[in-house]
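Chemist: Next input, structure requested:
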Amino acid sequence: MRFTLLVLAFLYQSLTYAQTYKSLISEAEKKYNEKAYPRSVELYQRAFKLEQKNRADFYNAACSAALMKDTKLAFNWLNRAIEKGYINIRHMKTDSDLNILHGRTEWNELVARLQTKVDKIEANYDKPLQARLLAIYDDDQKYRKQIDSVSQKYGFDSREMKSHWKTIGQKDSINLVQVKAILDEYGWLGEDKVGSQANMTLFLVIQHADLATQQKYLPLMREAVKAKKAEPSSLAMLEDRVALGEGRRQTYGSQIGQDPDGKAYVLPLNDPDNVDKRRAEVGLPPLADYVKYWDLKWDVADYKKRLPEYEKKTEIK
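Modeler: Next up is the predicted model:
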């Protein structure tokens, strides 16, 4: 009995530890989005005292450090990211967050070292297919990255914003034709065939597609996750989108709604009490951390009281 109690205590401590790390990372990302770079760096430093495993977290931390002009720390964290397996050299070389590092000897050495590593890893990639998917990725993300700036300049309901959304819709239609052709011919391609960014393109384009397309390719993505060719966290978001599109509650709380007055809320969610357990199983952070991006505070008791209201306004049950 004592052994069992000790194991349970350890598991509880481990869960608390992991959630604390994720909470710090989530807050650091929020501060980055708010352009509060010194605070973002401080939070990353606190997080890395608890855990040093995630290559993406080290990379994102390097961006915050570079933007606050701490080049030494930025290089340190970039090197840690590469040590942990970061290989997206294409993104790194074009990421404007890191512009202050360009031209420095350390930057040239780092890029050369990473390029050598990437060349070895990509030796067996389908390069033409990777190039096609990367071009689609750029099209998918280019105009979405401009949403905030266009909205802030002209207003969310402005003619300019509506025109911007129309451009995004046109690009999405073109990209979807290409991705459907690739999926129908090759199946869900994993990182081992086209690299992580090109692999992510498949999910992004299907996620932005119409409901019928999402329903068609959802089973394929489920199988891809089982085969480790897609991320469980990405699948969770697609599962939520399809559920809501079909008029059902979502499972993981990944989809956020917005009232006409701009106030955000978590769209109707199944079993709110256990959502964090489900999110942890697929590699998503606690919902309280996730919703901070929309300036929301997650209160499960309050959410359950409001759930009938959310279901009525969205016609989702």
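Chemist: The nearest residue to A209 once chain neighbours are set aside: how many residues sit nearby?
Modeler: Closest residue to A209 apart from its sequence neighbours, by Cβ to Cβ, 6 or more residues apart in numbering: L176 at 5.2 Å. Where C-beta positions appear, they are placed from N, C-alpha and C, glycine not excepted. Using other Cβ atoms under 10 Å, L176 has 18 other residues around it.
Chemist: Break the protein into its domains for me.
Modeler: 2-123, 125-230, 247-317 (automatic domain parsing).
Chemist: Grab the most central residue of the chain for me.
Modeler: Compute the mean C-alpha point of the chain, and by Cα atoms, centre = their mean the closest residue is S234, 7.9 Å away.
Chemist: Where does that residue sit, in terms of helix or strand?
Modeler: helix 232-245 (DSSP states H and E).
Chemist: Name the helix or strand of the chain that has the lowest mean pLDDT.
Modeler: Lowest by mean pLDDT, DSSP states H and E among the helices and strands of the chain is helix 2-33, with a mean of 61.
Chemist: in the helix or strand just after it, what's buried?
Modeler: With elements assigned by DSSP H and E, the helix or strand that comes after helix 2-33 is helix 37-48. Neighbour-count burial for helix 37-48 flags Y37, R39, S40, V41, E42, L43, Y44, A47, F48 (criterion: 16 or more other Cβ atoms under 10 Å).
Chemist: before we move on, what about stretch 143-151?
Modeler: Y143, V150.
Chemist: and the helix or strand containing S149, what other elements does it pack with?
Modeler: Using DSSP H and E, S149 falls within helix 147-154. The contact analysis (3 or more Cβ pairs under 8 Å, 6 or more residues apart in numbering; DSSP states H and E) places helix 147-154 against helix 159-186.
Chemist: Centre of the chain to the helix it packs on, how far?
Modeler: Taking the mean of its C-alpha atoms, helix 159-186 sits 19 Å from the chain's own mean (Cα atoms, centre = their mean, to the nearest Å).
Chemist: Quick check: buried residues in the helix or strand that comes right after that helix?
Modeler: For helix 159-186, the following helix or strand on the C-terminal side (DSSP H and E) is helix 191-194. For helix 191-194, burial by neighbour count (16+ other Cβ under 10 Å) applies to E191, K193, V194.
Chemist: list the helices and strands helix 191-194 packs on?
Modeler: Partner elements for helix 191-194 (3+ Cβ pairs under 8 Å, 6+ apart): helix 127-142.
Chemist: tell me how far the helix it packs on is from the chain's mean position?
Modeler: So, by Cα atoms, centre = their mean, the centroid of helix 127-142 is 18 Å from its chain's centroid.
Chemist: Point out where this structure drops to low pLDDT.
Modeler: 1-19 (pLDDT under 70).
Chemist: Out of the domains of the chain, the one nearest L238 is which?
Modeler: L238 lies closest to domain 125-230 among the domains of the chain, at 5.7 Å (Cβ to Cβ).
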